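>>> 3D model of this:
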Amino acid sequence: MRFQTPLVPARLIRRYKRFLADCVLEDGCKVTAHCANPGSMMGLAEPGMRVWLEPNDDPKKKLRFGWRLVDHESGHFTGVDTGLPNRMLRAALEAGEVAGLNGYQAVRPEVKYGAGSRVDFLLTAPGRRDAYVEVKSVTLSRQPRLAEFPDARTARGTKHLDELAAMARQGHRAVMLYLIQRTDCDRFTLARDIDPAYAAAYADARKAGVETLCFDCRITPDAVSLGAPIRVEIP
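As a prediction, this is how the structure comes out:
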């Protein structure tokens, strides 16, 4: 999935009010970018970090830039736009390119289910169990090569696990898909110390029959695409 407009490099000045980031472009111009990430962004919002912004000339948007990547200046990148994974995965699902979720005829996003929730994707095909798929963007890494989720307490994420467990108990296929938006990790686990309630809900969901899938991403300042399966290390 290519970015709509070429990204431009900048240095982060500060992130504030969750969705705003002040940056300085290479020409010295200071700009405010939209940050499409409601999480804590632990380790990804330190002043001085090299970032990549996507310019836009849409008159309907209040800000002329969107923050898309953190450049770790080691050949590795982290994608910080939490809306991008679902857009990318929808195309991959429709093309049958997601291992473990191929062979479905219909891919429907944002379908109502459970107690007032919407599942990220509902996959259907004649003769197959419906597959309810929740997607989580993973950007936290506190140990070399190890990605973790979540980066903050997430009551919403816990609710999603409970909803998936309910679908599994009803005989449907239920899948928790973690997408690692980092190029420097090859393992995944849960950040139990950050959100014990989420870890407990995950354990209950697994007992109910919820499946886990985990993939990394190929990330450059030009495009982001689905990568390979990642080893899950959750006791």
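>>> Any idea which helix or strand in the protein has the lowest mean pLDDT?
Least confident helix or strand of the chain, by mean pLDDT, DSSP states H and E, is helix 84-94 with a mean of 91.
>>> Show me what it is packed against.
strand 106-113, strand 117-124, strand 131-138, strand 173-180, strand 224-229 (3 or more CB pairs under 8 Å, 6 or more residues apart in numbering; DSSP states H and E). All C-beta spots, glycine's among them, are computed from the backbone N, C-alpha and C.
>>> Which other helices and strands does the last one contact?
It refers to strand 224-229. On the basis of 3+ CB pairs under 8 Å, 6+ apart, strand 224-229 makes packing contacts with helix 84-94, strand 211-219.
>>> Export those to a markdown table and append columns for distance to P109 and mean neighbour count.
As requested, the helices and strands packed on strand 224-229 are arranged in a markdown table below (distance: least, CB to CB, whole Å; neighbours: other CB atoms under 10 Å):
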| stretch | distance to P109 | mean neighbour count |
| --- | --- | --- |
| helix 84-94 | 6 | 18 |
| strand 211-219 | 17 | 20 |
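>>> Identify whichever of those lies nearest to Q143.
strand 211-219 (15.9 Å; CB to CB).
>>> in its sheet, what does the closest one sit against?
Using DSSP bridges, strand 211-219 pairs in its sheet with strand 173-180 (parallel), strand 224-229 (antiparallel).
>>> now that strand, how far from the centre of its chain.
For strand 211-219, the distance from its own C-alpha centre to the chain's C-alpha centre is 9 Å (CA atoms, centre = their mean, to the nearest Å).
>>> Show me what it is in contact with.
Identification of contacts with strand 211-219 by CB atoms under 8 Å, 6 or more residues apart in numbering yields 69, 77-79, 85, 88, 98-101, 173-183, 185-186, 188, 206, 224-232, 234.
>>> rewinding a little: out of the helices and strands packed on helix 84-94, which is closest to L25?
strand 224-229 (21.7 Å).
>>> Any idea which residue is closest to the centre of this protein?
Centre of the chain computed as the mean C-alpha position; nearest residue by CA atoms, centre = their mean is S137, 1.7 Å away.
>>> in the sheet, who's paired with that residue?
L179.
>>> unless I'm mixing things up, it is touching M88, no?
No: applying CB atoms under 8 Å, one finds S137 not in contact with M88, separated by 10.4 Å.
>>> tell me the contacts of L177?
L89, L101, V133, E134, V135, K136, T212, L213, C214, F215.
>>> Generate TSV for those, with distance to A152 as supplementary columns.
Output for these, formatted as TSV (distance: CB to CB, whole Å):
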residue	distance to A152
L89	22
L101	28
V133	23
E134	18
V135	18
K136	12
T212	21
L213	23
C214	20
F215	22
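>>> and which of those residues is nearest to A200?
For the contacts of L177, the nearest to A200 is T212 (15.4 Å; CB to CB).
>>> distance between the lengthiest helix in the chain and the chain's centre?
For the chain, the helix that runs over the most residues, judged by DSSP state H, is helix 155-169. Put simply, helix 155-169 sits 17 Å off its chain's centre (CA atoms, centre = their mean).
>>> List the contacts of that helix.
Contacts for helix 155-169 (CB under 8 Å, 6+ apart): 113-115, 117, 119, 132, 134, 136, 150, 173-176, 195, 197-198, 201-202, 204-205, 208-210.
>>> likewise stretch 70-79?
9, 44, 49-52, 68-69, 80, 85, 137, 139, 181-184, 217, 219-221, 224.
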